[in-house]
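Asks: I'll drop the sequence and a predicted model, then ask my questions.
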Amino acid sequence: MSVIKVFDTTLRDGEQSPGVNLTKQEKLEMAKQLERWGVDRMEAGFPASSKGDFEAVKAIAQTIQNTSVTGLARTRQEDIDTAWEALKYAEEPRIHLFLATSPIHMTYKLKQTPEQVMENAISMVRYARSKFPQVEWSAEDASRSDWQFLAQIIEHVIDAGATVINLPDTVGYSTPAEYGDLFRFIRETVPNIGRVELSCHCHNDLGLAAANAIAAVENGATQVEGTINGIGERAGNASLEEVAVALRVRSDYYQYATNLKLDETKQTSDLIAKLTGMYVQANKAVVGRNAFQHEAGIHQDGVLKNRETYEIMTPEMVGVKTDTLFLGKHSGHHAFQDRVQELGVDLSEEKSKEAFAKFKQLTDQKKEVTDDDLYTILMEIQTDTSAVNTYQLTMFQVQYGTANIPTATVSLTAPDGGSLETACTGQGSVEALYNTLDALIEEELHLTDYQLSSIGRGRDALAESHVQLTVNGEMTNGRGAAQDVLEASVNAFLNAVNRYIVQKTMAKDEPAAHK
Ligand SMILES: CC(=O)SCCNC(=O)CCNC(=O)[C@H](O)C(C)(C)COP(=O)(O)OP(=O)(O)OC[C@H]1O[C@@H](n2cnc3c(N)ncnc32)[C@H](O)[C@@H]1OP(=O)(O)O
Ligand SMILES: CC(C)C(=O)C(=O)O
């Protein structure tokens, strides 16, 4: 059995999902979960792209011990220098350089000849190698590149010091047979290819990303790149959980394994969904709510007689819990701590006390506190914004009836400690509330997305709201949970504004290491 390295890019390509914008603290939390999941490499961000991403990559490089941390960079000296400033703290500093090699990208985007691209790739890989012990080079849009040119540039880039070569299917255009052929061709044509690891990076525009990744592995790829839940640019990346579980379940056919701790898969999937508001569809392979449910009578009959009639893997294998302790009004510290630990959330003593108090409060409103409820509490506490002065809700009230105009009154405490109060109308209750918040908050706000969902089932389920706003032209997201949908909606709106304020304040306070 050969072990295939898993390169997770949830925090870089995954964060390129439209509407996703994680804070440093959220990225760090996710990085710790990725480490627990057992990914071999994690791409923590693109340090030169913004001060916020620089600080997040640096914090992850300083914290993560058991996974190699990397960051993306263009083949530009300033990008490489910035990446080094963030990644030099990592156990084994690693950089991921990319440069497009397809005719369409070279001609129209880079406006460079193939010769210029070759020279740029070679000189920047050499420069990166003078700093980093591990240098991955990606031929962006490899699957639409000329194979002979690709083979030549790869040979030179290896001579310049690259340690990993990646052949991305950047626009998700390839098919499994064709992508597999590309890997075989490169393995057979490039004379020095044996000196490096060979990686695949697949996008899901045609729904073929996981299949393409496995085809690459069958044809010589030793590393698979992807994200949890398949999030990423456009239709996303290969879902790492799908690739890893396919290799495990079909180990009778494939002779490849990964180092992933598959029973951490569901936690990893849930955490990114909570942090980004990108929930997976119910029928998503491996991590969807329906992945282990049987609806039809004939299926249920079969499962009752022998689970394997309709189940090719167990829920336990991927960490879907079926027999957890009931958490409710009568639960104490021990059961609570035990479940927090199982959920993999690391809380300081102070935050743990705060979480327990919130848990107890919730048990007054709900009979059973589910893992989803608990996650919501823990994430609110873990990523809380109280270190900086922000807007705090004092009270709100909504008048709604089918015969009158919805009107909301809201009182807030402003970041400077002052009290604010006003009332506005809207087409509905949420709009009235949001118009009122907009009138009270000083920043220039535009609501671009609003989602409301129920956490868990039953009449006492919590409501969770996700919003996306632009604040002074910059995109930010917020989430909020409460028993009541209007309160959840207000919390999400304020959370988005406060996340913006916190990010701005922290960026001002942090030393200017990023250029
Ligand atoms: C396939 C991928 O997913 S690649 C990763 C994509 N991720 C991102 O772009 C997210 C982060 N990006 C950003 O924040 C910004 O694009 C930045 C900070 C990197 C650059 O911003 P800007 O300087 O304003 O440039 P902008 O994004 O408009 O254009 C990109 C420039 O980089 C050049 N470029 C693109 N790829 C590369 C590369 N691999 N190496 C060198 N230059 C490159 C483009 O040709 C263009 O150059 P030009 O300004 O001379 O025409
Ligand atoms: C930077 C590269 C690997 C990329 O994300 C792509 O080509 O899709």
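Replies: In hand now; what should we look at? Ligands and ions are numbered 1, 2, ... in the order given.

Asks: and the helix or strand containing residue 186, what does it pack onto?
Replies: According to DSSP states H and E, residue 186 maps onto helix 176-189. Under the contact criterion of 3 or more CB pairs under 8 Å, 6 or more residues apart in numbering; DSSP states H and E, helix 176-189 touches helix 147-159, strand 164-169, strand 197-202, helix 209-218. To be clear about C-beta, it is placed using only N, CA and C from the backbone, and glycine gets the same treatment.

Asks: what about whichever residue of the stretch 201-350 of the chain sits closest to ligand 2, neighbour count?
Replies: Nearest to ligand 2 in the stretch 201-350 of the chain, going by CB to the nearest ligand atom, is residue 201, at a distance of 4.6 Å. Counted by other CB atoms under 10 Å, the residues lying close to residue 201 total 31.

Asks: residues in contact with it?
Replies: Taking CB atoms under 8 Å, 6 or more residues apart in numbering, we find residue 201 in contact with 7, 9, 138, 166-170, 225-226, 237-238.

Asks: quick one: which of these has the most company?
Replies: residue 226 (33 neighbours).

Asks: pLDDT weak spots in the protein?
Replies: Scanning the chain for pLDDT under 70 picks out 322-324, 383-387, 456-457, 507, 509-515.

Asks: Ends of stretch 298-317, what's the gap?
Replies: 24 Å (CA to CA, to the nearest Å).

Asks: Pull out the buried positions in that stretch.
Replies: Residues of stretch 298-317 classed as buried by neighbour count (16 or more other CB atoms under 10 Å): 302, 313.

Asks: residues in contact with it?
Replies: 245, 248-249, 262-263, 291-292, 294, 321-322.

Asks: from these, which would you call buried?
Replies: 245, 248, 262, 291-292, 294.

Asks: Looking at the helices and strands packed on helix 176-189, which is nearest to residue 18?
Replies: helix 209-218 (17.4 Å; CB to CB).

Asks: The closest one and ligand 2 in contact?
Replies: No - Helix 209-218 is not in contact with ligand 2 by CB under 6 Å from any ligand atom; minimum separation 10.6 Å.

Asks: Any chance you could list what contacts that helix?
Replies: Residues contacting helix 209-218 (CB under 8 Å, 6+ apart): 4, 167, 169, 172, 174-177, 179-180, 183, 200, 202-204, 221, 224, 226, 230, 236-239, 242-243, 246-247, 254, 256.

Asks: Taking strand 197-202 as reference, get the angle to it.
Replies: Going by axes from the mean of the first three to the mean of the last three CA atoms, to 10 degrees, helix 209-218 is angled at 160 degrees with respect to strand 197-202.

Asks: I'd like the next helix or strand past helix 209-218.
Replies: Past helix 209-218, the next helix or strand by DSSP H and E is strand 223-226.

Asks: Could you check how far that next one is from the centre of its chain?
Replies: 15 Å (CA atoms, centre = their mean, to the nearest Å).

Asks: which helices and strands sit right next to it?
Replies: strand 5-8, strand 164-169, strand 197-202, helix 209-218, helix 240-249.

Asks: Relative to ligand 1, which of those is closest?
Replies: Comparing the helices and strands packed on strand 223-226 by CB to the nearest ligand atom, strand 164-169 comes nearest, at 7.0 Å.

Asks: my guess is residue 500 meets residue 477, correct?
Replies: No - using CB atoms under 8 Å as the test, residue 500 is too far from residue 477 to be in contact (9.6 Å).

Asks: Pull the contacting residues for residue 338.
Replies: Taking CB under 8 Å, 6+ apart as the test, what residue 338 contacts is residue 325.

Asks: Can we start the residue count at 496 from this point?
Replies: Yes, from this point I'll number from 496; that puts the last item at residue 833.

Asks: Need phi/psi at it.
Replies: phi -60, psi -40 (degrees, to the nearest 10).

Asks: Roughly how far does residue 905 sit from residue 609?
Replies: Per CB to CB, to the nearest Å, residue 905 is found 60 Å from residue 609.

Asks: which one of these two has more residues nearby?
Replies: residue 905 (26 against 16).

Asks: Buried residues, the strand or helix carrying the more buried one. List them.
Replies: Element membership for residue 905, per DSSP H and E: strand 902-908. By neighbour count on 16+ other CB under 10 Å, the buried set for strand 902-908 is 902-907.

Asks: State the distance from the spatially most distant residue from the centre of the chain to ligand 2.
Replies: Distance to the chain centre peaks in the chain at residue 898, reaching 44.3 Å (criterion: CA atoms, centre = their mean). According to CB to the nearest ligand atom, to the nearest Å, residue 898 stands 54 Å off from ligand 2.

Asks: Excluding chain neighbours, give the residue nearest to residue 784 in space.
Replies: residue 777 (4.5 Å; CB to CB, 6 or more residues apart in numbering).

Asks: Whichever residue of the stretch 746-895 of the chain sits closest to ligand 1: how many residues sit nearby?
Replies: Nearest residue of the stretch 746-895 of the chain to ligand 1 (CB to the nearest ligand atom) works out as residue 771 at 16.0 Å. Applying other CB under 10 Å, we find 23 residues neighbouring residue 771.

Asks: residues touching it, list them.
Replies: 509, 512, 515, 517, 726, 972 are the contacts of residue 771 under CB under 8 Å, 6+ apart.

Asks: In TSV, list those along with secondary structure.
Replies: Below are these laid out as TSV (DSSP: H, G, I helix; E, B strand; the rest coil):
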residue	secondary structure
509	helix
512	coil
515	coil
517	coil
726	coil
972	strand
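
Asks: between those, which has the most around it?
Replies: residue 509 (26 neighbours).

Asks: quick one on the thing from earlier: any chance of the buried ones among the contacts of stretch 793-812 in TSV, plus distance to ligand 2?
Replies: Formatted as TSV, the buried ones among the contacts of stretch 793-812 follow (distance: CB to the nearest ligand atom, whole Å):
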residue	distance to ligand 2
740	23
743	25
757	25
786	27
787	32
789	37
